[in-house]
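Asks: sequence? don't have it. structure:
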């Protein structure tokens, strides 16, 4: 549980209790205090809001953040048992928590719905911490400062919609951290400055629409990082200056329309990087100078049927610059369709493309 300083006002004491503290609370002496206590689930009378703050607090109460819900409005005679059971299970975890336990995990725990706020500062390894907790809905801000490994931490949490800003400033491995979190809609700006392995980090996050501009300057493994993120509409210019592997990084991102100029100058394998991105229209000229084998660029743009003429011309430019590339030097190897290959022959880079030893 988070540690709180002694409250210096009645409102502060109530707000601390909403966050998990256990202050003794006297009878309310104001309209705001009654609303705050209602958020805690206390049986208090409230009046019509008379200020902007009171209006917001009333909205929180009515939307179910604490207080009572009228489940009959959606056809339930009472609160569903799994809500109560989830609360009771979380309370058991909190009451029995041992802060000195460095190895506690909840992998495949189908009873876990609400993770309570507990002291996790001594846990050194969060890999697979909540792996396949498919009913987990809520995760509080946990202390993970001792952890270096977050691989698979929330993998398969199929009900998880949001996560707090965890302290990831010393984490080195986030592989599969949120893989298969199919209803996760957004993530905060995690500090990934020390992360080296990020493969499959958001694999199959089908509801994820945007991601912030993470500090990925140390990451070498981007393989499958966003594969099958079917709602992802845009991506920021992530720092890929140390990337060695970007294969399947965006494969199956069917809503992605454009991508920025990622630094791929060290990349050895970019195979299927944009495979089946069937809405993709715009790609810049990526530096593929270190790609050597035909298998490491195979199907890079397979199924990208909406690529603009400019983008097709840029792809020709990538091929011209792929000076280390050996093997089958054809556009078919990149996955371009017959129509796209024919179109390429009328573009400005075509002659240089052929002079570099490539064919359709």
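Replies: That came through, no problem. Please read all numbers here as calculations on a predicted model, not as lab measurements. Residues are numbered from 1 along each chain as shown.
Asks: show me the contacts for the residue nearest to residue 142 when sequence neighbours are not counted.
Replies: Nearest in space to residue 142, with sequence neighbours left out and distances taken as CB to CB, 6 or more residues apart in numbering, is residue 120 at 4.6 Å. In short, each C-beta sits where N, CA and C put it, glycine included. Residue 120 makes contact with 142-144, according to CB atoms under 8 Å, 6 or more residues apart in numbering.
Asks: Make sure I have this right: residue 352 is in a helix.
Replies: Yes - membership of residue 352 in a helix is supported by DSSP: H, G, I helix; E, B strand; the rest coil.
Asks: give me the number of residues near it?
Replies: 14 (other CB atoms under 10 Å).
Asks: what does residue 80 give?
Replies: 11.
Asks: Kindly report the same for the one 4 residues further on.
Replies: A count of neighbours around residue 84, defined by other CB under 10 Å, yields 11.
Asks: The nearest residue to residue 271 once chain neighbours are set aside and residue 182, how far apart?
Replies: Using CB to CB, 6+ apart and skipping residues adjacent in sequence, the residue nearest residue 271 is residue 247, 4.4 Å away. From residue 247 over to residue 182 the distance is 23 Å, taken as CB to CB, to the nearest Å.
Asks: Show me which of those two is the more surrounded one.
Replies: residue 247 (25 against 18).
Asks: How confident was the prediction at the more buried one?
Replies: On the pLDDT scale, residue 247 is placed at 98.
Asks: Confirm for me that it is in contact with residue 268.
Replies: No - applying CB atoms under 8 Å, one finds residue 247 not in contact with residue 268, separated by 9.4 Å.
Asks: Give the residues shared as contacts by those two.
Replies: residue 296.
Asks: Name the SS class of residue 83, please.
Replies: At residue 83 the chain is in helix, as set by three-state DSSP.
Asks: Identify the residues contacting residue 180.
Replies: Applying CB under 8 Å, 6+ apart, the residues near residue 180 are 155-158, 203-205.
Asks: same question, residue 266
Replies: 241-244, 290.
Asks: And stretch 123-141, what's buried?
Replies: Going by neighbour count (16 or more other CB atoms under 10 Å), the buried part of stretch 123-141 is 123, 125-140.
Asks: can you map out the strands along the stretch 51-200 of the chain?
Replies: Counting by DSSP state E, counting those that start in this stretch, the stretch 51-200 of the chain has no strands to list.
Asks: for it, which spans come out with low pLDDT?
Replies: For the stretch 51-200 of the chain, applying pLDDT under 70 flags the ranges 52-54, 56, 59-69.
Asks: again, only this time at 50
Replies: 66-67 (pLDDT under 50).
Asks: Check the stretch 251-360 of the chain too.
Replies: Within the stretch 251-360 of the chain, no stretch has pLDDT under 50.
Asks: switch to 90 and redo it
Replies: Counting by pLDDT under 90, the ranges of the stretch 251-360 of the chain that qualify are 294, 326-328.
Asks: So the most centrally placed residue in the chain versus residue 211, what's the distance?
Replies: Computing the C-alpha centroid of the chain and ranking residues by CA atoms, centre = their mean puts residue 187 first, at 4.8 Å. The gap separating residue 187 from residue 211 is 6 Å, by CB to CB.
Asks: Overlap of the contact sets of the two?
Replies: residue 202.
Asks: Reformat the contacts of residue 266 as a markdown table; add distance to residue 71 and secondary structure.
Replies: Compiled in a markdown table, the contacts of residue 266 are given as follows (distance: CB to CB, whole Å; DSSP: H, G, I helix; E, B strand; the rest coil):
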| residue | distance to residue 71 | secondary structure |
| --- | --- | --- |
| 241 | 53 | coil |
| 242 | 52 | coil |
| 243 | 50 | coil |
| 244 | 53 | coil |
| 290 | 59 | coil |
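Asks: ok, of the residues you listed, which one's closest to residue 253?
Replies: residue 243 (17.2 Å; CB to CB).
Asks: my read: the closest one touches residue 263, true?
Replies: Yes - between residue 243 and residue 263 there is a contact under CB under 8 Å: 7.3 Å.
Asks: quick one, which of the two is more surrounded?
Replies: Higher neighbour count among residue 243 and residue 263: residue 243, with 25 against 15, using other CB under 10 Å.
Asks: for that one, what are its contacts?
Replies: Residue 243 neighbours (CB under 8 Å, 6+ apart): 219-222, 262-264, 266-267.
Asks: redo that, cut-off 10 Å
Replies: 198, 216, 219-223, 249, 262-270 (CB atoms under 10 Å, 6 or more residues apart in numbering).
Asks: Can you tell me which of the residues you listed end up in helices?
Replies: Nothing among the contacts of residue 243 maps onto helices, per DSSP state H.
Asks: among those residues, which are in strands?
Replies: Secondary structure assignment by DSSP state E places none of those in strands.
Asks: Now which of those would you call buried?
Replies: Buried among the contacts of residue 243 by 16+ other CB under 10 Å: 198, 216, 219-223, 249, 262, 264, 267-270.
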